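S.K.: Sequence isn't available, so here's the structure alone:
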């Protein structure tokens, strides 16, 4: 168990250095306005309890600590519940949660209203994996007849087409070509 002051020190490390290797103790002491002996002792304690990892003479913050605090209790949409939180034990990095294949993933901001019945609205950001093999019923980013769009991929009897999720729009059947650029694997919306 660590003290409140050590917890504050760890929080400073996370906020200041994130996933990069921590600098030498001398630099840490100067950056965080602490005595070198205190910094060294706290680094050792934090390593012992598993919050830091040591490799050679460098310390790294345990990747599980990076991200935003995640409360493990599910939030009911009905009656309220009591929430107990230990912010150091459970954190969530949105990159790690949404992105399984960093090299094959890109983000796109949605424009238009053709997918609103699936809860995808203008301004949302979709997480797209270009290495995932597209299947029937996947939401995809596709180039159809030279233009890029976000729609649901449909496949039947050797035919492929794109289907919107808004009754104002019709399905799009390719005249000359349909190329799937990636499969939507997540979405981010900021209120």
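M.R.: Yes, it's here. This structure is a prediction, so every number in the text was calculated from the model and none was measured.
S.K.: any idea which helix or strand of this structure has the worst average confidence?
M.R.: One helix or strand of the chain scores below all others by mean pLDDT, DSSP states H and E: strand 68-69, with a mean of 62.
S.K.: where are the low-confidence patches of the protein?
M.R.: Applying pLDDT under 70 to the chain flags the ranges 1, 64-92.
S.K.: try 80 this time
M.R.: Along the chain, segments meeting pLDDT under 80 span 1-2, 18-20, 56-57, 62-97, 99, 102.
S.K.: ok, which stretches of it are strands?
M.R.: Along the chain, the segments classed as strands by DSSP state E run 52-55, 58-61, 68-69, 91-92, 105-109, 125-129, 139-144, 147-156, 159-163, 178-188.
S.K.: Now do the last one: which elements does it pack against?
M.R.: In terms of contacts (3 or more C-beta pairs under 8 Å, 6 or more residues apart in numbering; DSSP states H and E), strand 178-188 is packed against helix 94-98, strand 105-109, strand 125-129, strand 139-144, strand 147-156, strand 159-163. Glycine gets a C-beta too; all of them are placed from N, C-alpha and C.
S.K.: Let me see the domain layout of this protein.
M.R.: Domain segmentation of the chain under automatic domain parsing yields 4-65, 99-188.
S.K.: okay, those domains in a markdown table with distance to residue 93 and mean neighbour count next?
M.R.: Below are the domains of the chain laid out as a markdown table (distance: least, C-beta to C-beta, whole Å; neighbours: other C-beta atoms under 10 Å):
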| stretch | distance to residue 93 | mean neighbour count |
| --- | --- | --- |
| domain 4-65 | 8 | 15 |
| domain 99-188 | 9 | 15 |
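S.K.: Export the strands of the chain to CSV and append columns for distance to residue 34.
M.R.: Converted to CSV, these look like this (distance: least, C-beta to C-beta, whole Å):
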stretch, distance to residue 34
strand 52-55, 15
strand 58-61, 14
strand 68-69, 24
strand 91-92, 23
strand 105-109, 38
strand 125-129, 39
strand 139-144, 48
strand 147-156, 50
strand 159-163, 58
strand 178-188, 37
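S.K.: Quick one, which of those gets closest to residue 32.
M.R.: strand 58-61 (13.1 Å; C-beta to C-beta).
S.K.: Against which helices or strands is that closest one packed?
M.R.: In this structure, strand 58-61 makes packing contacts with helix 4-17, strand 52-55, judged by 3+ C-beta pairs under 8 Å, 6+ apart.
S.K.: Mind doing that once more with 10 Å?
M.R.: Where contact means 3 or more C-beta pairs under 10 Å, 6 or more residues apart in numbering; DSSP states H and E, strand 58-61 is packed against helix 4-17, helix 36-48, strand 52-55.
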